[in-house]
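J.: missing the sequence, but the structure's below:
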């Protein structure tokens, strides 16, 4: 679930509890180009205040204008469509004649938004099924492969973390990486058995474990929606995790380090029964070459690469650390240091 949409649910719950009236607007279908995907949400308060988005801004403006002119009087859920004609598409900022269908739901305490938030914050992936006729919503366990469904009568939306990330090492870099990854809707686990690194760990929303990395990999039962990032620079820890993670279906396995350290790591893995095909899956040096120097910048670089891999984007070698370093070796005057 997009963390932006989680913010929508949190504000909705707060507004309802404070006695305000709220509309929850959900994108349920798009045709052509659309600025926001199916499942994107917008909450509109009875005074026109909003959080979230369902378009580039024009649809939001139209809904806000209606609420301010007519008040928030709706008591029934409804499905509405914007951008049917080319003129409407242009009016509402939908590119290329795009069309968007929304479900508009008046929220009450009985809508179960607080219960939904508790499930999400507990790390559970759940389906919320809304009957548009009755306005009644129920929660059910969901699978990572489930997706939004709308048949005109019942809307099923998926909430909670779809992806997991295991970070080896509780370093300063790990803190920035974990914080940003949580914002990208990963369920993050940081593993470090070293007390001197974990004693001051205090990142909300991130699970810290002090078990050995290989045991943690086994316990997490990595699947194709998992990423593993080794950041300790300690072969006794990083390699333990990598040798197990590379045998898993995890979509991304990478390790921090220079090109020389990465080459040595690959040699070590060859000696411990990791196949050439498995070693070929290892990303390293990790990150995209953006001139990163500080831990926050390096974290952004790493997560940019992970995001590209997750989204199936083929990256040119020139933007990868190794490729960029090789090019810069021929022109040292242009070099910018990135670990």
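T.: Right, received. Where do you want to start? All of these numbers come straight from a predicted model, not from anything done at the bench.
J.: all helices in the protein, in order from the N-terminus.
T.: Using DSSP state H, the helices of the chain run over 3-17, 58-70, 86-91, 113-121, 172-183, 195-198, 213-220, 235-245, 259-270, 276-280, 295-310, 321-329.
J.: would you turn these into JSON lines with distance to residue 144, mean pLDDT and mean neighbour count?
T.: To be clear about C-beta, it is placed using only N, CA and C from the backbone, and glycine gets the same treatment. As requested, those are exported to JSON lines (distance: least, C-beta to C-beta, whole Å; pLDDT from 0 to 100; neighbours: other C-beta atoms under 10 Å):
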{"stretch": "helix 3-17", "distance to residue 144": "17", "mean pLDDT": "90", "mean neighbour count": "19"}
{"stretch": "helix 58-70", "distance to residue 144": "30", "mean pLDDT": "87", "mean neighbour count": "16"}
{"stretch": "helix 86-91", "distance to residue 144": "34", "mean pLDDT": "61", "mean neighbour count": "14"}
{"stretch": "helix 113-121", "distance to residue 144": "14", "mean pLDDT": "91", "mean neighbour count": "17"}
{"stretch": "helix 172-183", "distance to residue 144": "17", "mean pLDDT": "94", "mean neighbour count": "21"}
{"stretch": "helix 195-198", "distance to residue 144": "29", "mean pLDDT": "89", "mean neighbour count": "12"}
{"stretch": "helix 213-220", "distance to residue 144": "14", "mean pLDDT": "94", "mean neighbour count": "20"}
{"stretch": "helix 235-245", "distance to residue 144": "18", "mean pLDDT": "92", "mean neighbour count": "22"}
{"stretch": "helix 259-270", "distance to residue 144": "28", "mean pLDDT": "92", "mean neighbour count": "15"}
{"stretch": "helix 276-280", "distance to residue 144": "23", "mean pLDDT": "95", "mean neighbour count": "12"}
{"stretch": "helix 295-310", "distance to residue 144": "13", "mean pLDDT": "96", "mean neighbour count": "19"}
{"stretch": "helix 321-329", "distance to residue 144": "30", "mean pLDDT": "72", "mean neighbour count": "16"}
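J.: Among these, which comes closest to residue 25?
T.: When those are ranked by distance to residue 25, counting by C-beta to C-beta, first place goes to helix 58-70 at 6.6 Å.
J.: Distance from the chain centre to the closest one, please.
T.: 29 Å (C-alpha atoms, centre = their mean, to the nearest Å).
J.: Which elements pack onto it?
T.: Judged by 3 or more C-beta pairs under 8 Å, 6 or more residues apart in numbering; DSSP states H and E, the packing partners of helix 58-70 are strand 22-31, strand 41-45, strand 50-52.
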